[in-house]
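Peer 1: Okay, sequence plus prediction incoming.
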Amino acid sequence: ETGVTQSPTHLIKTRGQQVTLRCSSQSGHNTVSWYQQALGQGPQFIFQYYREEENGRGNFPPRFSGLQFPNYSSELNVNALELDDSALYLCASMTSGYNEQFFGPGTRLTVL
Amino acid sequence: QKEVEQDPGPLSVPEGAIVSLNCTYSNSAFQYFMWYRQYSRKGPELLMYTYSSGNKEDGRFTAQVDKSSKYISLFIRDSQPSDSATYLCAMSGDSNYQLIWGAGTKLIIKP
């Protein structure tokens, strides 16, 4: 069984640029959630995707957007990057109806 | 006031000690309670998953949920240096899979 994978591992961007992060869900999981984790803090929920549609969103502006594909993999897109967007971005997958969420290793984004 | 409160530590204990980690919360709608372990610069790893009140044991780990007090605990027996990590509690409501997290407690097990 393959776990949750994320790419890239690290990324450095400058303010105002756009970034796309990718996530492959664990085998058999049809729901993907994205979280932002600032240094020294717990993760903050960005949004969740189920059957290719957004299924809940946290307190993040519209410049954070996402996609889910038919194979349940997902992308997180962030436009107009700000310095405060520097964080570890985590993807978690689960099976709908079961609340156990399994996380990938994360993508560390640095915005200069 | 945050929805989930967790002491950031660090908590430093000698090898072999029993460790007690705790979180308090304010939202009575929370039904699912989880403990994750996170090593530095890595993704969180699910340790324990509990639904509603009660105890759950898995090896050296025991999770307790007291919904009447809005208080959850994780106990680690026979602690090992490899248990040194940040422990995060997370919880969600019955129909909402959005996880609400504590800030994490940094645990250090001294050999």
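Peer 2: It's in.
Peer 1: Excluding residues flanking it in the chain, which one is nearest the residue in chain B positioned nearest to chain A?
Peer 2: Across chain B, no residue is closer to chain A than B:W101, which sits at 3.2 Å (CB to the nearest CB). For the C-beta atoms, the positions are set from N, CA and C on the backbone; glycine is no exception. Nearest residue to B:W101, sequence neighbours excluded (CB to CB, 6 or more residues apart in numbering or on different chains): A:G42, at 3.2 Å.
Peer 1: So that neighbour sits against B:M91, correct?
Peer 2: No: taking contact to mean CB atoms under 8 Å, the distance of 11.1 Å between A:G42 and B:M91 leaves them out of contact.
Peer 1: Give the residues shared as contacts by those two.
Peer 2: Taking CB atoms under 8 Å, 6 or more residues apart in numbering or on different chains as the contact criterion, the common neighbours of A:G42 and B:M91 are B:V4.
Peer 1: Which stretches in the chain count as strands?
Peer 2: Reading this off chain A. Taking DSSP state E as the criterion, chain A contains strands spanning A:5-7, A:10-13, A:19-24, A:31-37, A:44-50, A:53-57, A:64-68, A:74-78, A:87-94, A:102-103, A:107-111.
Peer 1: nope, chain B please
Peer 2: Read by DSSP E, chain B holds these strands, from start to end of the chain: B:4-5, B:11-14, B:19-25, B:30-38, B:45-51, B:54-58, B:61-66, B:71-76, B:85-93, B:100-101, B:105-110.
Peer 1: hmm, back to that, let me see the contact set for the residue nearest to B:W101.
Peer 2: Listed by CB under 8 Å, 6+ apart, the contact set of A:G42 reads B:4, B:6, B:88, B:90, B:101-104.
Peer 1: likewise A:T107?
Peer 2: With the criterion set at CB under 8 Å, 6+ apart, A:T107 makes contact with A:6-11, A:21, A:88-89.
Peer 1: residues from chain A in reach of chain B?
Peer 2: Taking CB under 8 Å from any CB of the partner chain as the criterion, chain A approaches chain B at residues A:4, A:6, A:31, A:33, A:35, A:40-45, A:48, A:55-56, A:58, A:88, A:90, A:92, A:94, A:99-106, A:108.
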